[in-house]
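**Q** my questions concern the predicted model and sequence given below.
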Amino acid sequence: LAGPEGHPIIKDETEIKNLIEDLKSDNIDRSFRAEGLLRNSNPYSLRFLLPYLGDESGDLHKARITRLLRKMGHDAGPALIAGLKSKKLLMQQNCAHILGEIKDERAIPYLKKLYEDPNGKPELRVVVNEALQKITGKEVSKLRTAKDDFLQLAEKYYYGTPSVMLKFYPEYLAFDWDTEKEELIQREVYPFLYEEEMAEEACYEALALDADYETVWPLLACTYYSSYIDLEQTIEAAQARAAEELLPTTYVEALVKKREDVRKAILHAKMTGRRYIYQALLRAADDGKPEIAVECIRAIDGMGKANDLPLEQISDGAVEDGKRSFGYPLINALAYDSNKLVRYAASTAMVKLNPQEQRLGMQLVVPNLIDALAESNIKIALIIHDMRDEQDRAFVMKMKAILAKYNILCRVATSGSEGLDMSRRFPGQDVILIQ
């Protein structure tokens with residue numbers, strides 16, 4: 001697939017440029033060898049091959065480069081997609097044409113964006129139309145809008161759909177087009193973050209077309225959290241291997257440095273707004289991604305409000321409250337069967353939100369917290385509860401009885417000041433429960 005067997009991967013700029021010159025050779029063996037080496041050096045050779053597509057000359061050299069890019073196929077797709085951003089009409093036309101020939105579905109939203117551009121050139125639209133028909137097998141008028149296609153592409157990357165993933169790359173590069181210098185630019189991407197970074201890019205493309213495209217924001221938040229989780233897990237594994245001298249410490253240091261960039265993504269996720277964090281929680285739960293669900297809940301801990309949660313029964317007089325109650329995903333998380341950590345996190349968030357009225361799902365909070373306590377080696381608990389009547393007293397006694405089943409000794413304070421005093425006099429409490 002990558003040319004003659006045993007060909008090395010070449011990254012050196014001078015060597016790659018010399019091989020591109022060798023494609024001109026009338027010596028078949030020489031040109032064939034150059035083609036094999038350039039194919040094998042994909043993706044590093046793409047940065048130097050692509051500019052020839054904007055060359056006005058129609059000589060044999062350009063034709064051989066075009067043929068080579070077609071042979072590279074799917075793995076040349078990201079670079080060709082970047083080339084669609086060029087200001088040169090010929091570059092755009094040739095990139096669109098090859099993308100149509102290799103039927104790269106990742107190009108659909110980018111091509112559709114060009115087709116929908118009201119200021120686009122008619123001669124470009126003709127080539128784009130042909131490319132879209134070759135890729136989709138449909139008339140362009142029957143296709144979704146570009147923003148909807150960008151959302152679908154982002155989802156495919158996020159879920160790791162094989163049809164959009166790189167197949168034969170030895171290393172992972174992301175491409176973009178410098179419109180000032182009219183050249184392809186590249187950057188290395190950690191393989192375990194490639195899917196998230198490409199999903200993020202597609203989300204931003206959709207939002208560039210419609211900043212109010214609400215469906216994108218929850219997916220973007222999930223993408224940020226997924227990047228964070230993947231990086232943290234990789235750092236932990238790398239540190240363990242480095243401790244056994246199975247991995248260089250420089251690699252671990254590079255990962256830790258990357259952590260700062262990814263942590264910013266968590267801030268970006270929160271900046272999407274708490275409504276979208278709740279929707280991201282719903283997506284993560286439905287997708288069976290508990291780690292992301294827990295991260296969403298942790299964000300809700302800090303930015304959620306009690307009024308986000310639905311009342312247990314919304315009466316006609318509480319319509320406005322009902323409109324604000326977009327916190328249903330947190331209620332669903334309280335009963336999440338697939339992962340107990342999601343239930344525990346949701347219960348903790350409910351406690352922090354501290355609703356003063358009866359809200360849907362509140363009856364699930366205490367049982368979840370008790371289950372969590374039972375698994376945490378906690379032996380002594382201080383319960384602070386403002387007991388105003390027999391109902392409060394019965395609630396505390398019931399909680400003590402439940403905790404006793406797990407061999408957890410309870411101390412009870414009936415006010416905040418008494419609780420503080422008891423915590424000083426008996427500092428051995430493992431956990432403090434405040435109601």
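**A** Received it, and whenever you're ready, just let me know what you need. Residues are numbered from 1 along each chain as shown.
**Q** which residues touch Ser25?
**A** Residues in contact with Ser25, defined by CB atoms under 8 Å, 6 or more residues apart in numbering, are 31, 34. To be clear about C-beta, it is placed using only N, CA and C from the backbone, and glycine gets the same treatment.
**Q** let's see it at 6 Å
**A** Ser31 (CB atoms under 6 Å, 6 or more residues apart in numbering).
**Q** surely it forms part of a helix?
**A** No. The assignment for Ser25, made by DSSP: H, G, I helix; E, B strand; the rest coil, is coil rather than a helix.
**Q** distance of it from Glu260?
**A** 48 Å (CB to CB, to the nearest Å).
**Q** same question, Glu116
**A** 38 Å.
**Q** can you check Pro290 too?
**A** Pro290 is 26 Å from Glu260, by CB to CB.
**Q** about what we covered before: which one's more surrounded, Glu116 and Glu260?
**A** A count of neighbours by other CB atoms under 10 Å puts Glu116 above the other of Glu116 and Glu260, at 15 against 8.
**Q** hang on, the more buried one packs against Ala146?
**A** Yes. At 5.4 Å, Glu116 and Ala146 qualify as touching, with contact defined as CB atoms under 6 Å.
**Q** between those two, what contacts are shared?
**A** By CB under 6 Å, 6+ apart, no residue touches both Glu116 and Ala146.
**Q** would you say Ser31 is within a helix?
**A** Yes. According to three-state DSSP, the state of Ser31 is that of a helix.
**Q** for it, give me the pLDDT.
**A** Ser31 carries a pLDDT value of 93.
**Q** then the one 3 residues further on?
**A** Model confidence at Ala34, expressed as pLDDT, equals 94.
**Q** same check, this time on Asn377
**A** For Asn377, pLDDT reads 63.
**Q** quick check: Lys85 vs Pro290, distance?
**A** 38 Å.
**Q** likewise Thr161?
**A** Applying CB to CB to Thr161 and Pro290 gives a distance of 21 Å.
**Q** looking at those two, which is more packed in?
**A** Pro290 (19 against 14).
**Q** separation between the closest residue to the more buried one other than its chain neighbours and Ile108?
**A** Among residues not flanking Pro290 along the chain, Asn339 sits closest, at 3.7 Å (CB to CB, 6 or more residues apart in numbering). As defined by CB to CB, Asn339 lies at a distance of 35 Å from Ile108.
**Q** more crowded one of these two?
**A** Ile108 (22 against 17).
**Q** now the more buried one, nearest residue through space, not along the chain?
**A** Using CB to CB, 6+ apart, the closest residue to Ile108 is Asp149 (5.2 Å).
**Q** correct me, but the one you found touches Ala107?
**A** No. Look at Asp149 against Ala107 with CB under 6 Å: they stay out of range, at 9.9 Å.
**Q** give me the more crowded residue out of the two.
**A** Neighbour tally, Asp149 and Ala107, criterion other CB under 10 Å: the higher count belongs to Ala107, 26 against 23.
**Q** those helices in the stretch 201-350 of the chain, which residues are they?
**A** Using DSSP state H, counting those that start in this stretch, the helices of the stretch 201-350 of the chain run over residues 216-243, 249-271, 274-287, 290-303, 319-324, 328-334, 340-353.
**Q** which stretch in those helices has the least confidence?
**A** Among these, helix 319-324 scores lowest, at a mean of 46.
**Q** strands along the protein, start to end?
**A** 173-178, 183-188, 380-384, 409-413, 431-434 (DSSP state E).
**Q** give me the contact list for the first one.
**A** Surrounding strand 173-178, the residues in contact under the criterion CB under 6 Å, 6+ apart are 43, 78-79, 82, 85-86, 184-189.
**Q** could you do the second one as well?
**A** For strand 183-188, the external contacting residues (CB under 6 Å, 6+ apart) are 47, 50, 79, 82, 173-176, 178.
**Q** angle of that strand against strand 173-178?
**A** Orientation of strand 183-188 against strand 173-178 (axes from the mean of the first three to the mean of the last three CA atoms, to 10 degrees) gives an angle of 150 degrees.
**Q** partners of strand 183-188 in the sheet?
**A** strand 173-178 (antiparallel) (DSSP bridges).
**Q** for the third one, same thing?
**A** When pairs are called by DSSP bridges, strand 380-384 turns out to pair with strand 409-413 (parallel), strand 431-434 (parallel).
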